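Novice: Quick one, what's the 3D model for this:
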Amino acid sequence: MTRLATTTVAAAVMLLAVASAPACGGDSVGNQGLTVGGSCANDRDCDQKCLTGGDFPQGTCSVRCSNDAQCPGGTACVDKDGGYCLLTCDFSSDCRGGYTCKGKKRVDKSGEVLVCIE
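Specialist: From the prediction side, this is the model:
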């Protein structure tokens, strides 16, 4: 095989490997997260639970928790209906439309944390 052919084959193999690799981080947590943070109409739209009504316009995906250690990174366990992980924030601009960054009690009563909620 010529040097050009070898280089071409190697480049094609690398391109195929990169194209078929799974995306890192994916869409599990964030303003479009299926685990925590994304909008939803019902539980089927999320990995676990869709919180709707009141504080959750257009719904928000979440998971049950009893402390922060049970929540994915970038979320905190908030005292809402017995404990749910919600997206943490510093500013309302960190949250998706319809949500603001507000202080809410942690479920373990260890203080407040800023989360995205209405």
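Novice: Helices of this structure, start to end?
Specialist: Taking DSSP state H, the helices of the chain run over residues 3-20.
Novice: where exactly do the strands run in the chain?
Specialist: Along the chain, the segments classed as strands by DSSP state E run 49-53, 56-62, 75-78, 84-87, 100-105, 112-117.
Novice: Buried residues of the fifth one, list them for me.
Specialist: It stands for strand 100-105. Buried positions in strand 100-105, judged by neighbour count with 16 or more other Cβ atoms under 10 Å: 101-102, 104. (C-beta placed from N, C-alpha, C; glycine too.)
Novice: roughly how far out does that strand sit from the chain middle?
Specialist: Counting by Cα atoms, centre = their mean, to the nearest Å, strand 100-105 is centred 17 Å from the centre of its parent chain.
Novice: Same check on the third one?
Specialist: Centroid separation between strand 75-78 and its chain, computed with Cα atoms, centre = their mean, is 12 Å.
Novice: could I have it exported to CSV, CA atoms only?
Specialist: Only the C-alpha atoms of strand 75-78 are listed here, as CSV (Å, rounded to 0.1, in the frame of the first residue of the first chain):
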residue,chain,number,x,y,z
THR,A,75,-28.7,20.0,40.8
ALA,A,76,-29.7,20.0,44.4
CYS,A,77,-32.3,18.2,46.5
VAL,A,78,-35.0,20.6,47.4
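Novice: give the contact list for the residue most central in space within the chain.
Specialist: Closest residue to the average C-alpha location of the chain: residue 29 at 1.0 Å, with Cα atoms, centre = their mean. Listed by Cβ atoms under 8 Å, 6 or more residues apart in numbering, the contact set of residue 29 reads 35-37, 72-75, 87.
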